[in-house]
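Visitor: sequence first, then the predicted structure:
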Amino acid sequence: MPSGSASFWRVLYALTLAVALAARADATTFVRMDANDLARASDAALIGTVQAVRGVDGAATEVVLAAEQVVLGSLPAGTVTLREPGGGASGTRQRVFGAPRYRIGERVLVFVRRGRNGVLHTTALAMGKYTLSSGADGSEQATRDFGDATLVIDPDSGHAQAGGAEAPQRLAAVLQRMRSGKAWPAAPAGKRSRAVAPAAPPAASFTFLGVPSRWFEPDAGEVVRFGIDPAGDDALGADVAWAAASAALDAWSSVPDAALRLSAEPLNETFGFDGCDGANRIVFNDPFEEIDAPVDCRGVLGIGGYCYDGDTRTVNGTTFNRIGLGKVIIADGWGDCAVWTPCNLAEVVTHEVGHAIGLGHSAESSATMAAAARFDGRCAGLGADDLAGVRAVYPVVATPTATPTFTALPPTDTPNPLPTRTPSLTPTRTVRVPTPTPGAGERVVSGRITYYGSGDGVPGVEVTLRGGTPRQLTTGSSGIFTFGDLPLASWSVEPRKLDDGAPGAISALDAARALQFASGVLAPDSEHGVACDVTGNGSVTGLDAERILQRSLGDSRRFAAAAACESDFVFFPFAAPANNQETIFPALRLGDCRMGGVSYTPLVEFAGAQGFRAALLGDCDGSWRSSDPRSAEPELAPEGSRLVSTLRRQRGNRWRMLIGVVTPAAPNSLALELRFDPTRIAAGLARLVRLGDDAMVQTQVIQPGRLAIAVASAQPLHADGRAMLVVDFTALAEDLSGRSVRAYNVRIDDRVVP
């Protein structure tokens, strides 16, 4: 393990403490707010002295202040009571990193806000509290302490740094800044009162227990499941939020030589941040309004944490408490801010999930768990130190040692480092080309494989790393891959994937798109040009459209291009620049296949964001989806769409069905199934009428009495009900009627007609 990681574990070991109660640890990220920002976000502000600090039920702490002066808004006369997150008075306790710490006798300037329950709390956690003291020149000084295990982002420069105490400011300057912009009228100055000495001995500082913790389930080969809020993020959408969360879980589950496995599932019931009830969760939009809303893209981005109990287990020399619940809550109101991008969100959630599995900040700057955000396009990628950390905490062969519930190590006021990751104000794909570092721990290749049509992660991809000692892994639901601890050598990355049989992946609409490319109606880009060339002859022709239309009906013959590539998918590199890098784009030509890849001659550094865009051969419109249960619901055709079909008797024992469609927008494809009693009527020829030469039809007998039909056209099909398809039948019985053949599973441009 690199030196930074070793130091990290020494710190955690010093915090080891087992207790007989349940507890929780959390992490918080700030985008710095100054006094004016706080004033606009607050109901009031006061200068006063702390009278009492006491834990209360509900894993919270009450702080009683003797007010000297209300400097903003208005407050009731007498003492002011704040309720802050963290602490507790009974068996369940929690520590909230980034919460303000109060000490009896401390003189403070506090910005306060009423929560939804009407109870006052410090605005924006520790950002809303200043400790007052006398300076060397006799002036009053105001100092903020963001606390341990927090990350603070400067909203102007985008610079990120670990939390802690800020440099002191003159109180007069803070108050002047508070009133600048005239966001609030200043309250009349009151007489300063003397601090009231408490009758009881001073209570403990506003700190909570933090201990090294881990999940025990991986030791038994069990998966830890996290529920993802199906509502998603209001600004980026449900699909982006789901992808970010599942990518984060999958990144930590794909570490070679580590036992940890996390999985994503829809969250059935949403719980708030406080308490240890409910399921493991990643929740967006702060549904219970537990995080104060940002002001001008300044404020709290989110809170992450876990609950743990007194069960302990020693792994690799460190004694850990058992994590029983993990959670991440993302704040609301950031949608209009430059930091809110899909890639940054994925890196944020990956960092937070790293804390939820027990990792703290890394001293390695290239790590995703580093205190400062990278935002080099890695999204949910991991660095070498991240891999080393999860291997140490979750070894494949775990030999845990039971330890007593109570240990002799004393409590410590130092919190378990568990900060939340936050975006910086840099573009989504800011590329950093670092100086080569030949240390073995720094050489990592990581990236994500996404689909060229949707941008979703692609699971089941066999990613091969070729070089001195070849390695191979298979991507999970997010498409993340990571190869770490690589020696100084030449390496190349090449993905392959077989068809997973996802329903509807190749349809009549794909054949229509191929016809449009072949006839010049549409011009294919490089990705569509390769994806549609299923014959592998170097161009898209009518023969490609015919093969695709046959496949849409269930033809199991493998495409010639897939056979040549030994892969049903092709992969287009879109890797961030790295030293000694060469990108190779896929190409098909006369039965030969060149697969896409990325090579490094040699690899001398951390290479992150080495992504690929995957395309299923034959999927010309990019509609492929993995077997994601959220995508099971089919898209409906526009309102008013319907199939028009008439079965008519002809001379002798012949019958003919005329088929057309009515739909608001003219389609390019039609797919349907005709069902009938094969003992009474037999299907014959299907042909097109009133359509041009750049249209085609294919049929496939699914089973006796079930005929599948697919139509594709480069030009729009008739949408006014006129017949465009004719199917002939032969009668085998005398008493047939116009209802002897029925249509089912009708799709117009892949959209279902009810």
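Guide: Yep, that arrived.

Visitor: can you give me the helices in the protein?
Guide: In the chain, the helices defined using DSSP state H lie at 3-14, 35-41, 171-179, 238-253, 342-356, 384-393, 508-519, 526-531, 542-552, 560-565.

Visitor: show me which positions of the third one end up buried.
Guide: In this case it means helix 171-179. Neighbour-count burial for helix 171-179, with 16 or more other C-beta atoms under 10 Å as criterion, is recorded at 171, 174-175, 177-179. Quick note: C-beta positions are derived from backbone N, CA and C, even for glycine.

Visitor: tell me, how many residues neighbour residue 268?
Guide: Taking other C-beta atoms under 10 Å as the criterion, the count of residues near residue 268 is 9.

Visitor: tell me the contacts of it?
Guide: By C-beta atoms under 8 Å, 6 or more residues apart in numbering, residue 268 lies in contact with 227, 279.

Visitor: that one and residue 279, how far apart?
Guide: Using C-beta to C-beta, to the nearest Å, we find residue 268 at a distance of 7 Å from residue 279.

Visitor: list residues touching both of those two?
Guide: Here residue 268 and residue 279 share the contacting residues residue 227, scored by C-beta under 8 Å, 6+ apart.

Visitor: of the helices of the chain, which is nearest residue 334?
Guide: Each of those has some distance to residue 334 by C-beta to C-beta; the shortest is helix 342-356, at 9.6 Å.

Visitor: burial of the nearest residue in space to residue 521 that is not next to it in sequence, as a residue count?
Guide: Once flanking residues are discounted, residue 521 sits nearest to residue 714: 5.0 Å by C-beta to C-beta, 6 or more residues apart in numbering. With neighbours defined by other C-beta under 10 Å, the count for residue 714 comes to 24.

Visitor: could the buried residues of helix 171-179 go into a markdown table alongside distance to residue 239?
Guide: As requested, the buried residues of helix 171-179 are arranged in a markdown table below (distance: C-beta to C-beta, whole Å):
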| residue | distance to residue 239 |
| --- | --- |
| 171 | 48 |
| 174 | 43 |
| 175 | 46 |
| 177 | 41 |
| 178 | 41 |
| 179 | 44 |
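
Visitor: just those residues now: which is nearest residue 39?
Guide: Each of the buried residues of helix 171-179 was checked against residue 39 using C-beta to C-beta; the closest is residue 178, at 4.7 Å.

Visitor: my guess is that closest one meets residue 35, correct?
Guide: Yes - checked against C-beta atoms under 8 Å, the pair residue 178 and residue 35 is within contact range at 4.0 Å.

Visitor: would you check how far apart the residue nearest to residue 724 when sequence neighbours are not counted and residue 379 are?
Guide: Nearest residue to residue 724 in three dimensions, chain neighbours excluded: residue 718, at 5.1 Å (C-beta to C-beta, 6+ apart). Computed with C-beta to C-beta, the distance linking residue 718 and residue 379 is 45 Å.

Visitor: neighbour count: the two, which is higher?
Guide: When neighbours are counted by other C-beta under 10 Å, residue 379 comes out ahead of the other of residue 718 and residue 379, with 34 against 20.

Visitor: show me where the stretch 201-350 of the chain has strands.
Guide: Using DSSP state E, counting those that start in this stretch, the strands found in the stretch 201-350 of the chain span residues 213-214, 224-228, 262-266, 281-283, 299-315, 318-330.

Visitor: ok, the stretch 451-600 of the chain next?
Guide: Taking DSSP E, counting those that start in this stretch to define them, one finds strands in the stretch 451-600 of the chain at 462-466, 471-474, 480-483, 489-496, 569-575, 581-584, 587-589, 592-594, 597-603.

Visitor: where does the stretch 551-700 of the chain have low pLDDT?
Guide: Across the stretch 551-700 of the chain, the ranges flagged by pLDDT under 70 are 627-633.

Visitor: what about 80?
Guide: Per-residue confidence for the stretch 551-700 of the chain (pLDDT under 80) gives these ranges: 590-591, 626-634.

Visitor: on that earlier part again, pick the most deeply packed of the strands of the stretch 451-600 of the chain.
Guide: When you average the neighbours per residue for each of the strands of the stretch 451-600 of the chain (mean count of other C-beta atoms under 10 Å), strand 480-483 leads with a mean of 27.

Visitor: quick one: average pLDDT of that strand?
Guide: Mean pLDDT, taken over the full extent of strand 480-483, equals 90.

Visitor: lowest-confidence one in the buried residues of helix 171-179?
Guide: Lowest pLDDT of the buried residues of helix 171-179: residue 179, 76.

Visitor: that one contacts residue 39, doesn't it?
Guide: Yes - under the criterion of C-beta under 8 Å, residue 179 makes contact with residue 39 at 7.4 Å.

Visitor: about what we covered before: as JSON lines, the helices of the chain with distance to residue 459 would be great.
Guide: Compiled in JSON lines, the helices of the chain are given as follows (distance: least, C-beta to C-beta, whole Å):
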{"stretch": "helix 3-14", "distance to residue 459": "29"}
{"stretch": "helix 35-41", "distance to residue 459": "42"}
{"stretch": "helix 171-179", "distance to residue 459": "51"}
{"stretch": "helix 238-253", "distance to residue 459": "8"}
{"stretch": "helix 342-356", "distance to residue 459": "16"}
{"stretch": "helix 384-393", "distance to residue 459": "20"}
{"stretch": "helix 508-519", "distance to residue 459": "21"}
{"stretch": "helix 526-531", "distance to residue 459": "19"}
{"stretch": "helix 542-552", "distance to residue 459": "22"}
{"stretch": "helix 560-565", "distance to residue 459": "19"}
